[in-house]
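A.B. asks: need the 3D shape of this:
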Amino acid sequence: MKCSHQDHGRVSVMTLSGEFTLEDVDRFQRMVADRFGASVKDLVLECENLEFVDSAGLESWLRLVEQTAERRGQLRLVKVDATVAKVLEITRLDKAFQVHETVESAVRSLR
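C.D. replies: Residues are numbered from 1 along each chain as shown. The predicted structure follows:
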């Protein structure tokens, strides 16, 4: 998985691409910790080019919901690929995440 970020004040937009699997979880968690260390409160995961997420990736997203809540922040997903959306639906996690069509919409929802 490739991951990059752009910070906008207390919001960080993290762009994920490729496949998010068990082997990516530690690196992803370190990147999230770096964002929190930079005083980020809310996270937006832009997933347009994320083709697959396995159970370990989903679990890390669920932990991320808890981590952001502990910081009085929130997590949003953006442009979820059809395959990832199907995985969320099958696992019934589609209700656990707010999904937006655009980054702008996701960021506005955090205010």
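A.B. asks: does the residue nearest the centre of the chain count as helix, strand or coil?
C.D. replies: Nearest residue to the geometric centre of the chain (C-alpha atoms, centre = their mean): Leu45, 3.4 Å. Three-state call for Leu45 (DSSP: H, G, I helix; E, B strand; the rest coil): strand.
A.B. asks: ok, now Gln6?
C.D. replies: Classification of Gln6 by three-state DSSP places it in strand.
A.B. asks: sorry, back to before: mind checking how far the residue nearest to the centre of the chain is from Asp34?
C.D. replies: Leu45 sits 15 Å away from Asp34 when distances are taken as C-beta to C-beta, to the nearest Å. Bear in mind the C-beta positions are built from the backbone N, C-alpha and C, glycine included.
A.B. asks: do Ala85 as well
C.D. replies: Applying C-beta to C-beta to Ala85 and Asp34 gives a distance of 28 Å.
A.B. asks: all helices of the chain, in order?
C.D. replies: Along the chain, counting by DSSP state H, helices occupy 22-37, 55-70, 82-90, 103-109.
A.B. asks: just the buried residues of stretch 72-81, please?
C.D. replies: Residues Gly73, Gln74, Leu75, Arg76, Leu77, Val78, Lys79, Val80, Asp81 are the ones in stretch 72-81 that count as buried (16 or more other C-beta atoms under 10 Å).
A.B. asks: which one of the residues you listed sits closest to Leu64?
C.D. replies: Leu64 lies nearest to Leu75 out of the buried residues of stretch 72-81, by C-beta to C-beta, at 5.5 Å.
A.B. asks: so the closest one touches Leu64, yeah?
C.D. replies: Yes - contact criterion C-beta atoms under 8 Å: Leu75 and Leu64 qualify, at 5.5 Å.
A.B. asks: find residues that contact each of the two.
C.D. replies: Counting by C-beta atoms under 8 Å, 6 or more residues apart in numbering, the contacts common to Leu75 and Leu64 are Leu43.
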